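S.K.: build me a model:
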Amino acid sequence: MSTSPTISFIGAGNMASAIIGGMLESGFEAGKIWVSAPDDGHLQSIRKQFGVSITTDNRHCAQQADIVILAVKPQVMRDVCVDIAPVVQNTRPLMVSIAAGLEAATLDEWLGGGMPLVRVMPNTPSLVGKGAAGLYANDQVKDKQKASVESVFSSIGSALWVEDESLLHAVTALSGSGPAYFFLMLEALEEAATAKGIPGETARKLAIQTMAGAAEMAGRSEHDPGQLKRNVMSPGGTTEKAIHTFEDGGLRELVKKAYSAAYDRSGEMSKELAAKQ
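M.R.: Below you'll find the predicted structure:
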């Protein structure tokens, strides 16, 4: 797309690569993407794979951009932000952080203050183009900038905004940690089916396809999950018996308890990370 903004990635890990790949498949121009990282060898492989521009100089990378995506670990974020602050204070790009736990106000302070800034909580299915990301924008971000960021993260899945930054803890407990919840269900179903004689590999494939199919149906259907569940259940049948067993075993309360544990831990980790900087 000829009108696409120039986007610089500071950090070249798996998530940055996933986002770049999704952007290119969606029509972003490789010539308008920059990537910086300390390892030149890794950068060369990034350039070979995607055809993007590379540099080991974070300031040079940031200087090119309309949007700077901070894709480094939270533990090194302060040093990176302080280093590029003089550049971004001059060029005023939109800053986007995909680091968990670091609040917008803290990042803005490290960047010199007054910057338009978006925080994004992506999840690991982004690596296969099926991500679910929560996005939060500070007051400096304009509608056009929000649209640009949304288009970037929509290229690797779903991108949904929250109005209150504190809700990113709730996003973390839902879509951030959520893939592991479903992996646990897959694991449990595989073990249960294997115990009844289905070969392990067959059980796994059936469970994965069943989960994928159910998710696809939920995404396409006009019905809510409760109705979809009832549609599968026949009175006195196998599904009804299984669902009643889940309900009687307290599954709903257990899910709420697990979700709350993840939510609380997200807040704790945010405070711990801020204290270490």
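
S.K.: now the helices for the chain?
M.R.: Using DSSP state H, the helices of the chain run over 14-25, 40-50, 58-63, 74-91, 104-110, 143-154, 167-171, 178-195, 200-220, 225-232, 238-248, 251-276.

S.K.: out of those, nearest to Trp161?
M.R.: helix 143-154 (7.3 Å; CB to CB). Using the backbone N, CA and C atoms, a C-beta is placed for each residue, glycine as well.

S.K.: which strands or helices does that closest one pack on?
M.R.: Helix 143-154 is packed against helix 14-25, strand 67-70, strand 94-97, strand 117-121, strand 131-137, strand 157-161, with contacts defined by 3 or more CB pairs under 8 Å, 6 or more residues apart in numbering; DSSP states H and E.

S.K.: and the ones you listed as CSV, adding distance to Ser270, mean pLDDT and mean neighbour count?
M.R.: Converted to CSV, the helices and strands packed on helix 143-154 look like this (distance: least, CB to CB, whole Å; pLDDT from 0 to 100; neighbours: other CB atoms under 10 Å):
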stretch, distance to Ser270, mean pLDDT, mean neighbour count
helix 14-25, 19, 95, 20
strand 67-70, 16, 98, 26
strand 94-97, 13, 98, 26
strand 117-121, 11, 97, 25
strand 131-137, 13, 97, 23
strand 157-161, 20, 97, 16
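
S.K.: and the closest residue to Ser17 other than its chain neighbours, what pLDDT?
M.R.: Leaving aside its sequence neighbours, Ser17 sits nearest to Ile46 (CB to CB, 6 or more residues apart in numbering; 6.9 Å). The score at Ile46 is 97. That number is its pLDDT.

S.K.: the helices of the chain: lowest mean pLDDT?
M.R.: Looking at these, the bottom one is helix 251-276 with a mean of 92.

S.K.: can you list the buried residues in that one?
M.R.: Of the residues in helix 251-276, 259, 262-263, 266, 270, 273 count as buried by neighbour count, 16 or more other CB atoms under 10 Å.

S.K.: closest to Gln140 out of those residues?
M.R.: Ser270 (21.1 Å).

S.K.: tell me how far that closest one lies from Glu29.
M.R.: Taking CB to CB, to the nearest Å as the measure, Ser270 falls 36 Å from Glu29.

S.K.: right, and Leu94 touches Asn138 too?
M.R.: No - Leu94 is not in contact with Asn138 according to CB atoms under 8 Å; the separation is 10.4 Å.

S.K.: common neighbours of those two, please.
M.R.: In terms of CB atoms under 8 Å, 6 or more residues apart in numbering, Leu94 and Asn138 are both contacted by the residues 116-118.

S.K.: dump stretch 171-184 to PDB, keeping only the CA atoms.
M.R.: Only the C-alpha atoms of stretch 171-184 are listed here, as PDB (Å, rounded to 0.1, in the frame of the first residue of the first chain):
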ATOM      1  CA  VAL A 171      -6.800  -8.900  28.600                       C
ATOM      2  CA  THR A 172      -3.600 -10.600  29.900                       C
ATOM      3  CA  ALA A 173      -5.600 -13.100  31.900                       C
ATOM      4  CA  LEU A 174      -7.900 -13.800  29.000                       C
ATOM      5  CA  SER A 175      -6.100 -13.800  25.700                       C
ATOM      6  CA  GLY A 176      -2.500 -13.500  26.900                       C
ATOM      7  CA  SER A 177      -2.600 -16.500  29.200                       C
ATOM      8  CA  GLY A 178      -5.600 -18.100  27.500                       C
ATOM      9  CA  PRO A 179      -3.800 -20.300  24.900                       C
ATOM     10  CA  ALA A 180      -2.400 -22.300  27.800                       C
ATOM     11  CA  TYR A 181      -5.900 -22.900  29.100                       C
ATOM     12  CA  PHE A 182      -6.900 -24.500  25.900                       C
ATOM     13  CA  PHE A 183      -3.700 -26.500  25.600                       C
ATOM     14  CA  LEU A 184      -4.500 -27.900  29.100                       C
END
